[in-house]
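K.L.:
here is my input, please return the structure:
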Amino acid sequence: MSGPPGRPTGKSFAAVLWFPVFFAAAFAVMFLGAFASPAPHDMNLGVTGTGAQVTAVEKAVRQVAGNGVEIRRLPDRQEAEHLVRQGELAGAYVAGDPQNPELLLASASSAIRADYLKEAIGREAAQQVSGAPATSVDLVPAARGDVSGVGLFFYAMPLLLVGMITSIVLLQAVTWTAGKKAAAIAATGAFASVSVYAVAVSMDVVPAKPVLIVHAFLLTQAIGWLTTAVALLAKHHFMPVAMTFVLILGIPTAGGSVPPDMLPAALGALHQMLPFGQFIDLVRSSAYFGGHDTVRPLITLLGWIAAAATLFTFAARRRAST
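P.N.:
Coordinates of the predicted model:
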């Protein structure tokens, strides 16, 4: 028996409120799981020195970090510096002079990871090996305006959200053609890409490298086309689907604040697939590491754009035929 007219039944109540309940629970699990207790896994640390020194460092690192840090023996400091500057290593421990060990870092890659390495490797492990903490050398610091070390993440956030917000606004444009909607997504994406870059550079949060504008535009189009297609296909389920993909999955796995090699393994794997995480990798490499290792994130991001454009075209044609 249904309830009185105007009063929600248990079924209708659940149909309306299931997503806020799911959102609260999923948000808590994903965000607290990602950000509360970062710990290394598959983190690459270079070590230079004699065989005995490398063995001693590896033993000390195992005691401090378990199996979360992979040791890579390097021939000399020059090679260690080269690989850290390219972003191939999280850091490098130079043990050649046992009285003056060094820990080479790149805080532009991740401030949290750099702090972890300073404490766990540069201090704790180094004291076990040499009796003295290692001297930290930051080879690739973040831009001067990025005092918190997470400026790149917040530079990327409006670029992630503008595409989804545009798709929400376009829900009101029911009579617009697919071409007009695509033009709107392109226009808002272009404005966001230029304006956010201009603000970030003026505040010295990111380096002044115009290629970042191109990368930013690619992200806005991937998210904009994808969420607009979802709006056409999923209809009243649009917000749950879009917000789950963009916010619940995208932000904790992005690697902008906690790097993927300090996220839980499942979230680190998602980082390698989702567009926001690949955008962060692409921008970080272009901004700080000389464009080294940009092929994988660029191809992945372009793949998302191709998939989003295909889905958008399919959804628009399906809508036009009904």
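K.L.:
ramachandran coordinates for the most centrally placed residue in the chain?
P.N.:
Geometric centre of the chain, nearest residue: residue 254, 2.2 Å, by CA atoms, centre = their mean. Per-residue torsions, residue 254: phi -70, psi -30 (degrees, to the nearest 10).
K.L.:
correct me, but it touches residue 271?
P.N.:
Yes: counting by CB atoms under 8 Å, residue 271 is a contact partner of residue 254 at 7.0 Å. For every residue, glycine as well, the C-beta is placed using N, CA and C.
K.L.:
between these two, which contacts overlap?
P.N.:
Residues touching both residue 254 and residue 271 (CB atoms under 8 Å, 6 or more residues apart in numbering): residue 277.
K.L.:
quick one: the residue nearest to the centre of the chain from residue 246, how far?
P.N.:
Note on residue 254: its distance to residue 246, by CB to CB, to the nearest Å, is 11 Å.
K.L.:
overlap in contacts of those two?
P.N.:
Counting by CB under 8 Å, 6+ apart, the contacts common to residue 254 and residue 246 are residue 276.
K.L.:
what pLDDT does residue 191 get?
P.N.:
Residue 191 is assigned a predicted lDDT (pLDDT) of 98.
K.L.:
what lies in contact with the strand or helix carrying residue 82?
P.N.:
Secondary structure assigned from DSSP states H and E places residue 82 in helix 77-85. Here helix 77-85 makes contact (CB under 8 Å, 6+ apart) with 46, 48, 74, 89, 91-92, 94, 96, 102, 104-106, 139-140, 289-290.
K.L.:
can you name the two of the residues you listed that sit furthest apart?
P.N.:
Using CB to CB, the two most remote members of these are 96 and 290, lying 26.0 Å apart.
K.L.:
okay, now the closest residue in space to residue 264 that isn't next to it in sequence: neighbour count?
P.N.:
Distances taken as CB to CB, 6 or more residues apart in numbering place residue 33 nearest to residue 264, at 5.8 Å, with adjacent residues excluded. Residue 33 has 14 neighbours, counted by other CB atoms under 10 Å.
K.L.:
residues contacting residue 33?
P.N.:
252, 264, 267.
K.L.:
repeat that for 10 Å
P.N.:
Taking CB atoms under 10 Å, 6 or more residues apart in numbering, we find residue 33 in contact with 252, 263, 264, 266, 267.
K.L.:
do residue 45 as well
P.N.:
Taking CB under 10 Å, 6+ apart, one finds 57-58, 61, 65, 69-72, 74, 80, 84, 89-93, 103-104, 117, 121, 125 in contact with residue 45.
K.L.:
what about burial for those residues, which qualify?
P.N.:
Among those, the ones that count as buried by 16 or more other CB atoms under 10 Å are 57-58, 61, 65, 69-71, 74, 80, 84, 89-93, 103-104, 117, 121, 125.
K.L.:
just the ones of these in helices?
P.N.:
Under the assignment DSSP state H, the buried ones among the contacts of residue 45 contribute 57, 58, 61, 65, 80, 84 to helices.
K.L.:
relative to residue 22, which of those residues is nearest.
P.N.:
Closest to residue 22, out of all of these and judged by CB to CB, is residue 65, at 35.0 Å.
K.L.:
look up how far residue 196 lies from the closest one.
P.N.:
Distance from residue 65 to residue 196, by CB to CB: 36 Å.
K.L.:
just name the lowest-scoring one in the contacts of helix 77-85, pLDDT-wise.
P.N.:
residue 96 (78).
K.L.:
how would you label that residue: helix, strand or coil?
P.N.:
The three-state label given to residue 96 by DSSP: H, G, I helix; E, B strand; the rest coil is coil.
K.L.:
what's the offset of the helix holding residue 82 from the middle of its chain?
P.N.:
Mean-position distance between helix 77-85 and its chain equals 24 Å (CA atoms, centre = their mean, to the nearest Å).
K.L.:
how about it: buried residues?
P.N.:
Neighbour-count burial for helix 77-85, counted by 16+ other CB under 10 Å, picks out 77, 80, 81, 82, 83, 84, 85.
K.L.:
for stretch 174-182, which positions count as buried?
P.N.:
Here stretch 174-182 shows 178, 181, 182 as buried, counting by 16+ other CB under 10 Å.
K.L.:
ends of that stretch, what's the gap?
P.N.:
One end of stretch 174-182 sits 14 Å from the other (CA to CA, to the nearest Å).
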